[in-house]
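Asks: take a look and give me a structure for this.
(2 chains)
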Amino acid sequence: MIPELGNFSLIVGLAFAICLSVIPLVGASSNNLTLVRYARPLTFGVFLFTLISYLLLTSSFVSDDFSVLYVAQNSNSHLPIQYKFAAVFGGHEGSLLLWVLMLTTWASALAVSSLKLDEAFVARVLAVLGMIIVGFMLFTLLTSNPFERLLPNFPAEGRDLNPLLQDIGLIVHPPMLYLGWSGFSVAFAFAIAALMTGRMDAAWARWTRPWTLAAWSFLSIGITLGSWWAYYELGWGGWWFWDPVENASFMPWIVGTALIHALSVTEQRGAFRNWTILLAISAFSLSLLGTFLVRSGVINSVHSFASDPGRGMFILMLLGTAVIGSLTLFAFKASQLKSTSKFELYSKETFILAGNIALVVATATVLLGTLYPLLVDALNMGKISVGPPYYNAVFNPIVAVMAVMMGVAPIIRWKKNKAGTFRKELGLVALASIVFGIAFPFVYGGEFITWVAVGMGLAFWLITATLKNAKTTVTNAQGKIDLSRPNQSYWGMVVSHLGIATAIIGATMVSFYETQLDIRMDVGSKVTLSGYEFAFDGMKDVEGPNYTAKQGQFRVFQDGQQITLLQPERRIYRVQTMGMTEAGIDSTLTRDLFVALGDPLDNEAWAVRVYVKPFINLLWIAGALVAFGGFICMGDRRYRAKKVAETEQQTIETVAARV
Amino acid sequence: MKRFILFLPLILFLVLGAFLYKGLFLNPKAMPSALEGKPVPEFKLLTVTKGDRIVTKADLLGDYYLMNVWATWCPSCKAEHPYLLDIARSGVPIYGINYKDERAEATKWLTTYQDPYKFSAFDVNGELGLNLGVYGAPETFLVDHKGIIRLRYAGVINANSWGSKFVPLINDIKSEIAELAGDSES
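Replies: Model (predicted):
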């Protein structure tokens, strides 16, 4: 009964969503305020029924109702309770439902917090969101219904959640990622509403930017968590694999980064309007494309998701409708949104535009790398795969260019800056960065490595330039420090940019200075790596709630002192009989010691992989800083409590008078 | 001209969309999986019940037969077990592959729940399972008179899956055998 109610609730939600995508638009175009005012209650209706549906699915998981196909495929009565909650989105059907839930959450959040914005405009935005929700709900109900029953012959026991997903990282990672992806639909809806009305002014950008920042920050967290999880759970010791599924989450993030910068130009200077709209459409389209790539199975990936051409076709249709519709609207309406301001070569606009172009080029290279195997296959030219060498070769130079510009852009003025002034301000910093970059690899590693010099030099440049600028900004005319002088979004920018610098340091250090050994270890033997001594004391049998494991005992010594005991495991999950590697990691800020078990060899010996990874934790800190910066920026006063501009007030009054 | 530039994103997407559409009908994983249509791999294993009997591919007899991957740690195998007994009673030979299991447990299982298998190969290291590309238990393979795997079925066999997946193929195999017999007579 409960699953049927869940299904029914989702259908009711769909009915609400259909009304939401039609009624407010009719109201807005016919100036009928009554119809316009339906937008908010309808949004809440969609949200409420989606939430009920999601909770009912959760309850089927908690009560081990294996007559529901999806529960039987993804859960087991021995699965610990926290993973039962996570198992709700552990498979395709449930993750789609989570997508829809997130989408409706965004829509309701917008409905709640937009009371002071132009009512007709918000109604249009909500209607566009309604259309997206309809698309995803139909997708869920028609091709991937999580409430499908296995009657009358249902299994006594479920097939259990994929052991890879039975992990804390995976409880938090997908919701964050989906919050990010679905959040870009809000920016998209704002863009479409702007195209419909031809209204795209500073106020528009001010309304859109905090939503985009929120989505972008959640996506940053989601990507960082994903990387962290891959690092400690997959046991391959890497943190980024340029896998199609990772790329699927990364591309919307890069375009989203371009979008939040373009929005700030639109907001402050009224420039780049068409460009901003195009970025908003792209960010959302890439989120959809990511869903398509992940769910349709057109691309081979280490992430094994069940693939199904029927579903792929549906998402492609969804993607096609959304993108063709919006780009056609763009093609016909875009030029109405005229740019008013002019800017010179040496101006903040130029630097942000250049940064934007670099970001878009970066997205294009990742997109090309991701789709290239598909393109080659579609043209019958064989099967190939594109790996990290391609991405490193094209992506690193772009990041380098970006980092240089990120140092300059905050300092330079809007519209026009004298060519000499920023040279004077940053000349010394630039010189110091070059010296630091060249000196660093000699001092740290004893030999010169070009990319280390580039990476560390750029990070030094970015940090010092950002801090120097921050110091100038907080110093008032009297030469005193006044922290309240710059606005909050300035501080957000500083934090996020420092986060990027931290990521550059982490990535450079770990890529060039990590040490690794793949060796056979007998019980009682020792190996030394980068000054750490690893002693293998044998294996222990460990019993988990739904798995059994062999746990290696590795004592680690530094200068003769034992510093830690690492206990990597090889787990066998009972139901799916899948072998899983659980790495043993000892973490400090400056290095991680990482031991993973390979295969058992003769005489109790094991194949063991040992890593010492310097500064890898900076990567996760960087992700947190970047996201935190986004949230700070979002909380800026100017995005909250905004009075309705007088002209808008008038339109509402005239509309009201007509009703 | 200006107008044309605004259509550019749309055109780019349409080209991309065409490729994505084509991509749906390609299978990037086509190469590794296809064990169907291939002969049963060679093996040499002891059986569960007799520690000294070595069985090989040559011991798999019958015009057609099933190979069922099972283990005592697999709860779904227990759910499937009564149905396997029914199939065995109806005259279809079933060979078991006891996958990564313990001999004592497996023997106990076969005495407690009855034994539907002609014999069960004791694949303690999972070598045969690996060659068959097994991901877990239960999995069942249908092999025809020429020793070719006709179906690989991952999951529990029940009346539903038996009727829809296995019976039609078994009928095909039977008619192929009849045809062969007819050819050799004429």
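
Asks: contacts and neighbour counts: CA atoms only from here.
Replies: Will do.

Asks: state the mean pLDDT of stretch A:423-430.
Replies: Mean per-residue pLDDT for stretch A:423-430: 84.

Asks: what comes into contact with that stretch?
Replies: A:408, A:461, A:464-465 (CA atoms under 8 Å, 6 or more residues apart in numbering or on different chains).

Asks: send me it as PDB with only the CA atoms.
Replies: Taking C-alpha atoms only, stretch A:423-430 is exported to PDB below (Å, rounded to 0.1, in the frame of the first residue of the first chain):
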ATOM      1  CA  ARG A 423      52.000  47.000 -13.200                       C
ATOM      2  CA  LYS A 424      53.200  49.200 -10.400                       C
ATOM      3  CA  GLU A 425      51.000  47.500  -7.800                       C
ATOM      4  CA  LEU A 426      51.700  43.900  -8.900                       C
ATOM      5  CA  GLY A 427      55.200  44.200 -10.400                       C
ATOM      6  CA  LEU A 428      57.000  43.200  -7.200                       C
ATOM      7  CA  VAL A 429      54.500  40.400  -6.500                       C
ATOM      8  CA  ALA A 430      55.000  39.000 -10.000                       C
END
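
Asks: follow-up on the earlier one: relative to chain B, which of the contacts of stretch A:423-430 is nearest.
Replies: A:Val408 (30.4 Å; CA to the nearest CA).

Asks: so which strand or helix has the residue nearest to A:Ile463 when sequence neighbours are not counted?
Replies: Among residues not flanking A:Ile463 along the chain, A:Leu498 sits closest, at 6.0 Å (CA to CA, 6 or more residues apart in numbering or on different chains). Assigned by DSSP states H and E, A:Leu498 belongs to helix A:488-513.

Asks: for A:Lys540, same thing?
Replies: Per DSSP H and E: strand A:532-543 holds A:Lys540.

Asks: and that strand, is it in reach of chain B?
Replies: No. Figure legend: strand A:532-543 not in contact with chain B (CA under 8 Å from any CA of the partner chain); closest approach 14.2 Å.

Asks: count of residues packed around A:Gly310?
Replies: 13 (other CA atoms under 10 Å in any protein chain shown).

Asks: now for it: which residues touch it?
Replies: A:Gly310 is in contact with A:Thr143, counting by CA under 8 Å, 6+ apart.

Asks: do a quick rundown of the strands in the chain.
Replies: You didn't say which chain, so I picked chain A. With DSSP state E as the criterion, chain A has strands at A:515-521, A:526-529, A:532-543, A:547-558, A:561-566, A:569-573, A:579-582, A:584-587, A:591-600, A:606-614.

Asks: nope, chain B
Replies: For chain B, applying DSSP E gives strands covering B:44-46, B:54-56, B:65-70, B:94-99, B:120-123, B:139-143, B:149-154.

Asks: need these in TSV with distance to A:Leu51, can you?
Replies: TSV is the format used below for these (distance: least, CA to CA, whole Å):
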stretch	distance to A:Leu51
strand B:44-46	54
strand B:54-56	56
strand B:65-70	41
strand B:94-99	43
strand B:120-123	48
strand B:139-143	37
strand B:149-154	34
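
Asks: now the residue of the stretch 401-550 of chain A at minimum distance from chain B: closest residue in space, sequence neighbours ignored.
Replies: Closest to chain B within the stretch 401-550 of chain A is A:Tyr547: 10.8 Å, counting by CA to the nearest CA. Nearest non-adjacent residue to A:Tyr547, counting by CA to CA, 6+ apart: A:Tyr573, 4.2 Å away.
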